[in-house]
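Q: Mind looking at a prediction? Sequence and model below.
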Amino acid sequence: MKHSSVFGLAAVLLAIVVFAGFAMRYRSTAEVPLHDMAAHEVPLPATAGEISNAASLGAPVQPVIGEEVAYFGDRKGHFVRPVASGTYPGVVMIHEWWGLTDGVREEARALAGEGYLVFAVDLFGTVATTSEDARKQTGTAKQDVSNANMRAAAAYLRSHGAAKLASLGWCYGGGQSLQLSLSGEPLDATVMYYGQVVTDPERLKALHAPVLGIFAGDDRSITAENVGKFDAALDQVGVANSVHIYPGVGHAFANPTGASYAPEETKDAWAKTLAFLGEHLR
């Protein structure tokens, strides 16, 4: 009896420890804000090679040329265009919380290969290699400065012949894509991948371009509930939109470096993105 009681007490204590550990892990993901959530689900910034190998992308379908250009003071972004002469619509591309990585440059090349002028902005001037550094640079970013940065990129695209423009971003950049459209920049389309949403209809009245929203059903920072409110608010104020929630995948599912990477959903989301841009920019 005595041994049985000791073992029973040990089992209870072990159960408490296990439950506490589970609860802390759950708290660490379920109650953290967007930028902390990215630290759990996107462990590294995607490299160019990893983007090229992603199911959604690959080599540009037509030859492109890219260069680093100053556009906002001494800040340099990555401008990519098709080699073939012609008139092309433009896309302001906005990076994740890491900054302007080689992976984003490769995404810009892939999109330019579809027949677009693409300007990948640099909102921070640095590239973070740890989630702590990424959190610091997003935490100190000022929205009015970021808006001016992105609008400078839009002006650059227009100066190079883009009569129609869209914004496109992932994660932190997804929220910034929406913010650029809300800033009053005259865009023809807005694309956001699992970025911070706005659910206040009064604020969304500032939008004058259709919105494509790509979200994850198991995202614990940009929740399906809030995405539903965003969708409903867009409908309420009459903003054309196409909002997709992919069930069973987590935040940053389109980043090939993360544990949440979902190749088939990424491929489908990219096809929807190209179709949406083609419909509204051409």
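A: That came through, no problem.

Q: quick one: terminal-to-terminal distance for stretch 241-255?
A: The first and last residues of stretch 241-255 sit 24 Å apart, counting by CA to CA, to the nearest Å.

Q: ok, which stretches of the protein are helices?
A: Secondary structure of the chain by DSSP state H: the helices cover 2-30, 34-41, 48-52, 102-112, 131-139, 143-159, 172-182, 201-204, 224-236, 263-281.

Q: Now for residue 262: which residues touch it?
A: Shown in contact with residue 262 (CB atoms under 8 Å, 6 or more residues apart in numbering): 246, 249, 253-254. Every residue, glycine included, has its C-beta placed from N, CA and C.

Q: Which members of those residues occur in strands, if any?
A: With DSSP state E as the criterion, strands contain residue 246 from among those.

Q: among the contacts of residue 262, who's most crowded?
A: Counting neighbours by other CB atoms under 10 Å, residue 254 leads the contacts of residue 262 with 32 neighbours.

Q: Quick check: the closest residue to that residue other than its chain neighbours vs residue 272, distance?
A: Nearest residue to residue 254, sequence neighbours excluded (CB to CB, 6 or more residues apart in numbering): residue 266, at 4.4 Å. Residue 266 is 11 Å from residue 272, where distance means CB to CB, to the nearest Å.

Q: what's the burial count for residue 190?
A: Count around residue 190 with other CB under 10 Å applied: 29.

Q: Need the per-residue pLDDT for it.
A: pLDDT, residue 190: 98.

Q: swap in the one 4 residues further on?
A: Model confidence at residue 194, expressed as pLDDT, equals 98.

Q: In the stretch 1-150 of the chain, where is pLDDT below threshold?
A: Where the stretch 1-150 of the chain drops to pLDDT under 70, the residues are 1-58.

Q: Let's see that with 50 instead.
A: Within the stretch 1-150 of the chain, the stretches with pLDDT under 50 are 1-43, 49-55.

Q: hang on, isn't residue 281 packed against residue 166?
A: Yes - Residue 281 lies in contact with residue 166 (CB atoms under 8 Å); the separation is 5.9 Å.

Q: joint contacts of the two?
A: Jointly contacting residue 281 and residue 166 under the rule CB under 8 Å, 6+ apart are 89, 91, 188-189.

Q: Name the member of the residues you listed that has the highest neighbour count.
A: Scoring these on neighbours with other CB under 10 Å, the highest-scoring entry is residue 91 at 32 neighbours.

Q: if I read this right, it contacts residue 121, doesn't it?
A: No - Residue 91 is beyond contact range of residue 121, at 10.8 Å (criterion: CB under 8 Å).
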